[in-house]
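>>> The sequence isn't on hand, but the structure is:
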């Protein structure tokens with residue numbers, strides 16, 4: 001698989017430069033490109049984006065109103081436009097808007113509304129939230145009724161308190177929770193894309209305010225009984241709480257106490273797993289009560305760290321409606337294929353079953369590199 005950072009290769013940066021040249025003939029593509037490949041080579045994805053943005057800035061007018069107008073002209077007009085920019089190639093343009101638009105709010109917001117329809121403006125809008133929260137919130141409320149789903153999605157995604165890659169916005173984690181009013185407007189949006197963003201926003205809130213999230217979702221569902229799209233949103237919004245076994249979240253989603261669940265058997269297929277291989281597991285769970293139980297099976301892998309300690313990460317398993325006295329045989333496997341977001345260390349690891357939030361005894365195995 002090609003490295004993710006190659007979304008900003010010298011060749012793709014050249015496509016951006018050519019689009020800028022078409023929008024602004026005075027732009028020098030040779031000057032932009034000189035030494036670019038060598039400069040990009042050691043950099044990772046976000047660093048490459050910033051490098052390209054800096055080179056674009058150097059060859060364009062500095063007046064924001066003029067600058068943003070040129071950048072907007074580079075954007076793809078529609079899906080048939082093969083020369084205009086879309087996708088990751090728009091990211092450096094949004095970076096330029098965030099760099100130069102803080103004192104030119106209307107022009108910056110107009111540009112981001114166009115750019116987010118071709119990529120996303122979620123990262124670029126965050127400096128505006130930090131600098132002038134009331135003015136930015138007013139703009140987000142206006143966008144809640146925008147006809148384009150990408151702009152409406154920018155409302156909830158750009159204002160997430162804990163947006164990955166976007167830097168945290170701690171002031172949005174404190175009561176009276178200004179972004180909650182945005183989610184009230186968007187939680188029944190016709191777009192799956194927007195509703196997914198709302199659920200991610202609520203999941204951010206759940207890290208510090210679980211009761212707020214459960215109470216909000218319960219109210220929404222009570223006000224719209226039978227809305228399956230809202231049920232899906234609620235389940236995704238509670239994913240962190242469900243993994244953690246939060247009692248109110250479990251109850252809201254129909255999972256009663258795990259006290260009646262007996263882990264009859266937990267067996268690992270291997271005691272040593274090679275990096276790149278799989279850990280297989282088999283479990284038998286019994287409902288010892290006299291009534292049916294909805295059972296949620298998750299598991300945690302306790303990864304060995306460089307200092308020899310272990311750190312758990314919870315993985316979603318599956319769900320089963322288990323009748324009174326019934327048993328459930330569960331089998332599966334967990335991949336130890338190398339990934340860029342985790343460094344594996346050899347030695348003892350642990351497999352820990354979790355049923356309706358209840359943690360059961362850990363089984364150890366070794367990872368060999």
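On my side now, so go ahead. Since we're looking at a predicted model, the values are computed, not measured.

>>> Figure out the helix or strand that residue 265 lives in.
Secondary structure assigned from DSSP states H and E places residue 265 in strand 261-268.

>>> what about that strand, distance to the chain center?
Offset of strand 261-268 from its chain centre (C-alpha atoms, centre = their mean, to the nearest Å): 33 Å.

>>> what do you get for stretch 282-300?
Distance, stretch centre to chain centre, for stretch 282-300: 30 Å (C-alpha atoms, centre = their mean).

>>> Buried residues of it, list them for me.
283, 285, 286, 287, 289, 293, 295, 296, 297, 298, 299, 300 (16 or more other C-beta atoms under 10 Å). Every residue, glycine included, has its C-beta placed from N, CA and C.

>>> Report the inter-axis angle for the strand or helix carrying residue 364 versus strand 261-268.
Under the criterion of DSSP H and E, residue 364 resides in strand 363-368. Orientation note: strand 363-368 sits at an angle of 30 degrees relative to strand 261-268 (axes from the mean of the first three to the mean of the last three C-alpha atoms, to 10 degrees).

>>> ok, back up a step: give me the contact list for the strand holding residue 265.
279-288, 293, 295, 327, 351, 353, 355-356, 358, 360-361, 363, 365 (C-beta atoms under 8 Å, 6 or more residues apart in numbering).

>>> Can you tell me the strand partners of that strand and which way each runs?
strand 278-287 (antiparallel) (DSSP bridges).

>>> Past the partner strand, which element shows up next along the chain?
strand 293-304.

>>> In terms of secondary structure, what does that next one contact?
For strand 293-304, the elements it packs on are helix 239-243, strand 278-287, strand 310-322, strand 327-335, strand 347-355, judged by 3 or more C-beta pairs under 8 Å, 6 or more residues apart in numbering; DSSP states H and E.

>>> right, so of these, which gets closest to residue 197?
Ranking these by proximity to residue 197 (C-beta to C-beta) places helix 239-243 first, at 14.3 Å.

>>> JSON lines please, covering the helices and strands packed on strand 293-304 and showing distance to residue 226 and mean pLDDT.
Output for the helices and strands packed on strand 293-304, formatted as JSON lines (distance: least, C-beta to C-beta, whole Å; pLDDT from 0 to 100):
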{"stretch": "helix 239-243", "distance to residue 226": "22", "mean pLDDT": "93"}
{"stretch": "strand 278-287", "distance to residue 226": "28", "mean pLDDT": "98"}
{"stretch": "strand 310-322", "distance to residue 226": "20", "mean pLDDT": "94"}
{"stretch": "strand 327-335", "distance to residue 226": "29", "mean pLDDT": "97"}
{"stretch": "strand 347-355", "distance to residue 226": "29", "mean pLDDT": "97"}
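
>>> Now distance to residue 232 too, for those, in CSV please.
Shown next, in CSV, are these (distance: least, C-beta to C-beta, whole Å):
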stretch, distance to residue 232
helix 239-243, 11
strand 278-287, 26
strand 310-322, 14
strand 327-335, 23
strand 347-355, 22
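
>>> And the strands in the stretch 1-150 of the chain?
Per DSSP state E, counting those that start in this stretch, the stretch 1-150 of the chain carries no strands over any range.

>>> where does it have low pLDDT?
Applying pLDDT under 70 to the stretch 1-150 of the chain flags the ranges 1.

>>> the helices in it, which residues?
10-23, 29-33, 36-40, 45-58, 64-73, 91-100, 105-115, 126-131, 133-143, 149-158 (DSSP state H, counting those that start in this stretch).

>>> For the last one, which helices and strands make contact with it?
With contacts defined as 3+ C-beta pairs under 8 Å, 6+ apart, helix 149-158 has these neighbours: helix 105-115, helix 133-143, helix 180-186, helix 192-206.

>>> likewise the fifth one?
Judged by 3+ C-beta pairs under 8 Å, 6+ apart, the packing partners of helix 64-73 are helix 10-23, helix 91-100, helix 105-115.

>>> Count the residues that sit near residue 346.
A count of neighbours around residue 346, defined by other C-beta atoms under 10 Å, yields 11.

>>> Could you do residue 128 as well?
Around residue 128 there are 23 residues (other C-beta under 10 Å).

>>> just residue 219 next, same as before
Count around residue 219 with other C-beta under 10 Å applied: 11.

>>> for residue 258, same thing?
Residue 258 - counted by other C-beta under 10 Å - has 21 other residues nearby.

>>> same question, the one 4 residues further on
Residues within reach of residue 262, counting by other C-beta under 10 Å, total 15.

>>> what's the spacing between the residue nearest to the spatial centre of the chain and residue 317?
Note on the chain: the residue nearest the mean C-alpha position is residue 164, at 6.1 Å, using C-alpha atoms, centre = their mean. Residue 164 sits 24 Å away from residue 317, going by C-beta to C-beta, to the nearest Å.

>>> returning to that earlier point: need phi/psi at the residue nearest to the centre of the chain.
phi -60, psi 140 (degrees, to the nearest 10).

>>> Same list (the helices and strands packed on helix 149-158) but as TSV, adding distance to residue 312 and mean neighbour count.
What follows is these, written out as TSV (distance: least, C-beta to C-beta, whole Å; neighbours: other C-beta atoms under 10 Å):
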stretch	distance to residue 312	mean neighbour count
helix 105-115	39	21
helix 133-143	36	16
helix 180-186	30	18
helix 192-206	18	21
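
>>> Those: which one's closest to residue 99?
Across the helices and strands packed on helix 149-158, closest to residue 99 is helix 105-115 (C-beta to C-beta), at 10.0 Å.
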